[in-house]
Structures are given as structure tokens and as C-alpha cells.
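Enquirer: Sequence first, predicted coordinates after that:
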Amino acid sequence: MHGLSRYLSRLFLARNLTVSLGMVAILGVLDALSKGDILPPDAGLQDHMKFMLLRAPLIFEQVFIFAFLLSLLITYVALIRRNELVAVVYAGLSAMGQIRALAPAVLMASLAYVALIDQAAPRAQKALTAWLGPEAVVKTPTLSDDLWITDEKLLVRIKSVEGGMLKGITLFHMAEEGKMAAVSFATSAKADVAGWRLSGVRQVRYDNQEFALPRYWRSTLDPDTLRLLALEPRYLSVRSLWKLSMLEVSGNRATSAYQVWIYSRLALPIAALTFMVVTVIVMQRFGRNAKPELILVVAMAGGFVYVIFNSISKTLPDTMNVAAPTAALAPLACLLLVCVVLALRNGRS
């Protein structure tokens with residue numbers, strides 16, 4: 001029995017590694033072709049390979065859960081085509097036994113991949129942004145890449161963050177009644193113990209008051225935090241996401257936009273385990289009585305629907321003010337419901 005459990009685990013892990021690498025490689029080539037105009041005109045083969053390697057962790061983050069589902073399905077299609085699933089069942093490894101056999105391997109692989117994404121994606125995003133700009137990371141760049149910060153009675157616009165320097169700062173000073181009191185423009189700002197020391201300052205006032213030009217933007221935000229606020233949340237580490245979600249000031253995104261990615265990242269192993277249970281039950285119930293390739297296509301379509309639903313759900317905290325836990329865990333809750341229904345039907349049959 002232990003030998004069968006190890007065999008199933010090895011079969012899954014081998015196919016999972018192959019499918020993951022294959023999907024990243026194929027999508028990486030297509031991604032490089034679609035983003036070829038981002039590279040410098042004199043870019044050579046080495047630059048193209050560097051671009052593909054830096055984009056690989058970002059691509060893997062997007063295909064992670066679908067790669068898990070596909071590798072599970074391919075594992076069971078192979079077992080059915082070689083008539084090994086019948087032998088496994090007659091050897092005493094029921095559907096529940098197969099779930100117990102695969103669970104450690106699925107959990108181990110999913111945790112390892114989540115850790116890889118958490119560490120590699122932020123570094124890749126940082127390197128790509130420093131090399132080619134934000135358009136190398138963002139799917140659809142916005143009309144403005146400016147960073148906006150709401151800080152007490154100030155609305156701050158920053159053109160760029162370059163190391164310990166800010167470029168193109170605009171401070172919108174708000175009056176008590178919410179009206180615009182003044183707008184201050186600074187060519188640059190440097191991090192200081194008192195905040196950010198402004199240079200090249202000029203000001204336009206709308207309240208007919210006489211005030212000295214501001215010398216500082218007194219903010220607790222350090223250069224590293226501002227750099228993180230300018231990046232895409234989906235490619236940040238859980239630690240960075242937590243740091244940004246606890247800020248008292250707000251940037252381009254609400255704090256819930258960072259919280260939703262924390263919940264989503266931590267829920268990935270649970271989603272992988274749930275897909276494993278669904279795959280075992282479906283293939284046990286339908287795979288041997290129908291063409292396994294047909295079940296493979298139907299299950300892949302279901303997985304694709306889940307991925308789309310999951311992607312849309314993550315935007316709801318920003319677009320519809322939905323609570324972050326609800327937005328992040330709603331797709332997983334639906335998947336768990338499908339799993340429970342299939343398990344109950346399988347138990348009755």
C-alpha cells in the first residue's frame with residue numbers, strides 16, 4: 001500500500017514539474033514576442049534571454065493553480081489509459097486512499113511554489129522595473145504612472161522614485177473645509193530625518209494667504225515603502241503586502257487591495273488540495289466510464305472558469321469596495337462547495 005502511495009506521489013510530482021516548466025516556457029516565449037518592443041533597439045540574444053528569465057516568476061504566479069490542476073488531470077489520464085487506476089483500486093487504494101496518498105505531495109509542492117513566488121516575483125519585478133520601466137511588468141499601463149499619496153491634509157503626486165530621491169513632486173494643500181488652499185511644486189526631494197527635503201520649490205496659492213515656501217514634506221514614508229507603493233501588488237511578497245496594508249496613509253490603491261493578495265497567496269495551497277480532491281473524485285467516477293480525454297477537456301474548462309473568477313474577484317475591493325477576505329476567498333469557497341457536492345454524490349454511488 002505504501003508502495004502505491006509513493007508511486008502516485010512520484011507520478012504527480014514528475015508531471016507537475018514538467019507541466020509547470022512547460023507552461024512557463026511556452027508562455028514566456030509568447031510573452032517575449034508580445035513585449036519585444038519594450039527592449040532596447042540594440043538588444044541581443046542575451047537581453048532577450050534575460051527578459052524571459054526575469055518574466056518567468058511573474059508568469060508562473062499567474063499559471064500556478066492551473067498548472068496544478070492540469071498536472072493532476074494528466075496524471076489520472078495516464079493511469080486510466082494504462083489501466084493502472086483499476087489495478088490501484090483493486091489493490092485496496094480507494095478514492096479516499098488516493099486522496100490521502102496524494103495530499104502530502106500536493107501540499108509540499110504547493111507550499112514550495114508559494115515560497116518560490118513570494119521570494120522570486122518581487123525581485124524579478126524590481127529588476128524589470130529598474131531595467132525597462134513599469135511597462136515591463138504591468139499588463140495594461142495606465143495613462144499616468146504617477147504615484148499618488150494621501151497624507152493627512154496633503155494630496156501628493158510623485159513622478160518617480162529613484163533610490164533615495166523623489167522626482168517631480170506636487171503637494172496639494174487642502175483647507176479645513178476641503179477646498180484647495182495651495183499647490184506646491186518641487187523638482188526633487190531627498191530623504192531626511194525630518195521627512196523629505198524639497199528642492200526647486202514654487203507655490204501657487206488659492207486662499208490669498210501669505211506663507212513661506214515649504215521646505216519639507218514631513219512624512220514617515222521611507223524610500224523603500226514608496227517604491228513598494230509604486231509596484232504591482234500581485235508580485236509583492238506577503239511581508240511587503242502586510243507592511244503596505246498597515247499604512248495610515250493611502251497610495252494609488254486602497255489598503256484592501258493589498259490585503260486581498262495576502263489572503264489569496266495564503267489560500268493557494270488549500271486551492272491546490274481542493275483541486276486534487278475534485279480530480280480524484282471526478283476521474284474515479286467518470287474517467288473509467290467515458291473517454292478520459294473528454295473529462296480532461298471539461299475539467300480544464302472548469303479550471304479556466306475558476307481562474308477567471310479568481311482574477312475578477314481580486315479587483316472587487318478596489319472597484320466595488322468589497323471586503324478583502326470576501327473577495328479573496330469567494331472563488332475558493334465555490335470550489336470547496338463543488339468538492340463537497342461531488343464527494344457526497346460519490347459516497348452515495
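Expert: Happy to help now that I have it.
Enquirer: Please enumerate the helices of the protein.
Expert: Ranges of helices within the chain are 2-34, 45-81, 84-90, 95-132, 223-229, 238-245, 255-282, 292-314, 316-319, 324-348, based on DSSP state H.
Enquirer: Tell me how many other residues crowd residue 157.
Expert: 16 (other Cβ atoms under 10 Å). All C-beta atoms are positioned from the backbone trio N, CA, C, and that covers glycine.
Enquirer: Could you report the distance from it to residue 171?
Expert: 8 Å (Cβ to Cβ, to the nearest Å).
Enquirer: now swap in residue 226 and tell me
Expert: Distance of residue 226 to residue 171, given as Cβ to Cβ: 15 Å.
Enquirer: Ok, residue 147 next?
Expert: According to Cβ to Cβ, residue 147 stands 13 Å off from residue 171.
Enquirer: what do you get for residue 241?
Expert: According to Cβ to Cβ, residue 241 stands 27 Å off from residue 171.
Enquirer: Ok, residue 221 next?
Expert: 14 Å.
Enquirer: rewinding a little: just checking, which of the helices of the chain sits deepest inside the structure?
Expert: The highest mean neighbour count among those, using mean count of other Cβ atoms under 10 Å, belongs to helix 255-282: a mean of 21.
Enquirer: helices and strands around the longest strand along the chain, which ones?
Expert: Secondary structure of the chain read by DSSP state E shows that its longest strand is strand 180-192. Taking 3 or more Cβ pairs under 8 Å, 6 or more residues apart in numbering; DSSP states H and E as contact, the helices and strands that strand 180-192 lies on are strand 165-174, strand 195-199, strand 202-205.
Enquirer: so what's residue 93 closest to, chain neighbours aside?
Expert: Computed as Cβ to Cβ, 6 or more residues apart in numbering, the closest residue to residue 93 that is not its neighbour in sequence is residue 4, at 5.2 Å.
Enquirer: In contact with the residue nearest to residue 286 when sequence neighbours are not counted, which residues?
Expert: If the residues on either side of it in the chain are set aside, residue 286 comes closest to residue 295, at 5.5 Å by Cβ to Cβ, 6+ apart. Residue 295 makes contact with 73, 77, 282-283, 286-287, according to Cβ atoms under 8 Å, 6 or more residues apart in numbering.
Enquirer: Just checking the distance from the longest strand of the chain to the centre of its chain.
Expert: Using Cα atoms, centre = their mean, to the nearest Å, we find the averaged C-alpha position of strand 180-192 to lie 33 Å away from the chain's own average C-alpha position.
Enquirer: which residues touch that strand?
Expert: Outside strand 180-192, the residues that reach it (Cβ under 8 Å, 6+ apart) are 164-175, 196-207, 209, 211, 213-214, 216-217, 222-223.
Enquirer: Flag the least confident of the contacts of residue 295.
Expert: Across the contacts of residue 295, the bottom pLDDT score, 63, is held by residue 287.
Enquirer: Correct me if wrong: residue 132 contacts residue 36.
Expert: No: checked against Cβ atoms under 8 Å, the pair residue 132 and residue 36 is beyond contact range at 11.5 Å.
Enquirer: any common contacting residues for those two?
Expert: Residues within reach of residue 132 and of residue 36 at once, by Cβ under 8 Å, 6+ apart: there are none.
Enquirer: Using CSV, write out every CA atom in the longest strand of the chain.
Expert: Extracted C-alpha coordinates of strand 180-192, given in CSV (Å, rounded to 0.1, in the frame of the first residue of the first chain):
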residue,chain,number,x,y,z
MET,A,180,-7.8,73.7,-2.3
ALA,A,181,-5.6,76.1,-0.3
ALA,A,182,-2.4,75.9,-2.4
VAL,A,183,-0.4,73.8,-4.7
SER,A,184,3.4,73.4,-4.2
PHE,A,185,5.7,72.1,-6.9
ALA,A,186,9.2,70.7,-6.3
THR,A,187,11.7,69.4,-8.8
SER,A,188,13.0,66.8,-6.4
ALA,A,189,13.1,65.7,-2.8
LYS,A,190,15.7,63.8,-0.7
ALA,A,191,15.1,61.6,2.3
ASP,A,192,16.0,63.3,5.6
